[in-house]
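1. need a structure here:
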Amino acid sequence: MNYTHLTIEERACLRKYYVEGKSYREIARLLGRNVSTISREIARNYTHRYAINTYYPHTAQK
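-> Numbering: from 1, shown residues only. Model prediction:
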């Protein structure tokens, strides 16, 4: 089974699309990834630490 991690560029695009209100399916299509990859990435890296609860790509990259 071959798979790759999301790059910081993909994560930045994911955040942009997520903030714009696009669906997981639409984000997956735009990034050329599986919808489950997108949903897991957001679920794992959604943060409640800052003033605005959202997905932060640089935090996810760490």
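2. going forward, measure contacts and count neighbours with C-alpha atoms only.
-> Noted.
3. name the element the most centrally placed residue in the chain belongs to?
-> By CA atoms, centre = their mean, the chain has its centre lying nearest to residue 14, at 4.3 Å. Using DSSP states H and E, residue 14 sits within helix 8-19.
4. in the helix or strand following that helix, what's buried?
-> The C-terminal neighbour of helix 8-19 among helices and strands, as given by DSSP H and E, is helix 24-31. Of all the residues in helix 24-31, those buried under the rule 16 or more other CA atoms under 10 Å are 24, 27, 28, 31.
5. tell me what helix 24-31 is packed against?
-> Packing contacts for helix 24-31, counted by 3 or more CA pairs under 8 Å, 6 or more residues apart in numbering; DSSP states H and E, involve helix 8-19, helix 35-45.
6. what number of residues lie near the nearest residue to residue 25 once chain neighbours are set aside?
-> Distances taken as CA to CA, 6 or more residues apart in numbering put residue 35 closest to residue 25, at 5.4 Å, once the chain neighbours are dropped. Neighbour count for residue 35, taken as other CA atoms under 10 Å: 17.
7. tell me who's in contact with residue 35.
-> By CA atoms under 8 Å, 6 or more residues apart in numbering, the contact set of residue 35 is 24, 25, 27, 28, 29.
8. JSON lines for those residues, including distance to residue 18 and pLDDT?
-> Shown next, in JSON lines, are those (distance: CA to CA, whole Å; pLDDT from 0 to 100):
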{"residue": "24", "distance to residue 18": "8", "pLDDT": "95"}
{"residue": "25", "distance to residue 18": "11", "pLDDT": "97"}
{"residue": "27", "distance to residue 18": "8", "pLDDT": "96"}
{"residue": "28", "distance to residue 18": "11", "pLDDT": "97"}
{"residue": "29", "distance to residue 18": "13", "pLDDT": "97"}
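9. closest one to residue 46 out of these, please.
-> Distance to residue 46, by CA to CA, is smallest for residue 24 among these, at 14.0 Å.
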